[in-house]
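Visitor: What shape does this take:
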Amino acid sequence: MGVALLATGASAVARPDDNGRGEAKLAKIIDGRIAGKPVDCVDLQRIDSTEIIDGTAIVYRDGNRLYVNRPRSGRESLDSDDILSTKAWSTQLCNIDIVRLIDRTSYFPRGSVGLGEFVPYTKHR
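Guide: As a prediction, the model looks like this:
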């Protein structure tokens, strides 16, 4: 059974050579949260939204928990103006999966990234 998941980014375009803007944006997103033990997979049915952080990571939101994935390959091609196209073979997205990047204007494939581990971040209580 194939499950398709499409997600869009909402911020302005920045490039991976942008003097660390992607890292700074990610730091803001996870500020006040504590990193947990990395996991190999996340349950797609629990994911509320997805955000691409330019040249850095993909953030998957599961309620109040965030999963940060720093792709093991192709990370530099992440662009917040792209659309993520994920073809999952089960209800989980795992660190062995590949996510395609689709150009928002032309809808042509722009590349892909090989996912890494998912690091959960929860708010400190």
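Visitor: Need the residues that contact the helix or strand encompassing residue 119.
Guide: Following DSSP states H and E, the helix or strand that holds residue 119 is strand 118-123. Strand 118-123 is contacted by residues 30, 32-42, 60, 64-70, 95 when judged by Cβ atoms under 8 Å, 6 or more residues apart in numbering. For glycine as for every other residue, the C-beta is placed from the backbone atoms N, C-alpha and C.
Visitor: Check those residues for burial and list the buried ones.
Guide: Among the contacts of strand 118-123, those buried by neighbour count (16 or more other Cβ atoms under 10 Å) are 33, 41, 42, 60, 65, 66, 67, 68, 69, 70, 95.
Visitor: Roughly how far does the first one sit from residue 119?
Guide: Here the distance between residue 33 and residue 119 works out to 10 Å (Cβ to Cβ, to the nearest Å).
Visitor: same thing with the last one?
Guide: Taking Cβ to Cβ as the criterion, residue 95 is separated from residue 119 by 11 Å.
Visitor: shared neighbours, those two?
Guide: Contact with both residue 95 and residue 119 is made by residues residue 69, according to Cβ under 8 Å, 6+ apart.
Visitor: Tell me where the protein is predicted with low confidence.
Guide: Scanning the chain with the threshold set as pLDDT under 70 gives 1-19, 125.
Visitor: can we see that at 80?
Guide: Across the chain, the ranges flagged by pLDDT under 80 are 1-19, 124-125.
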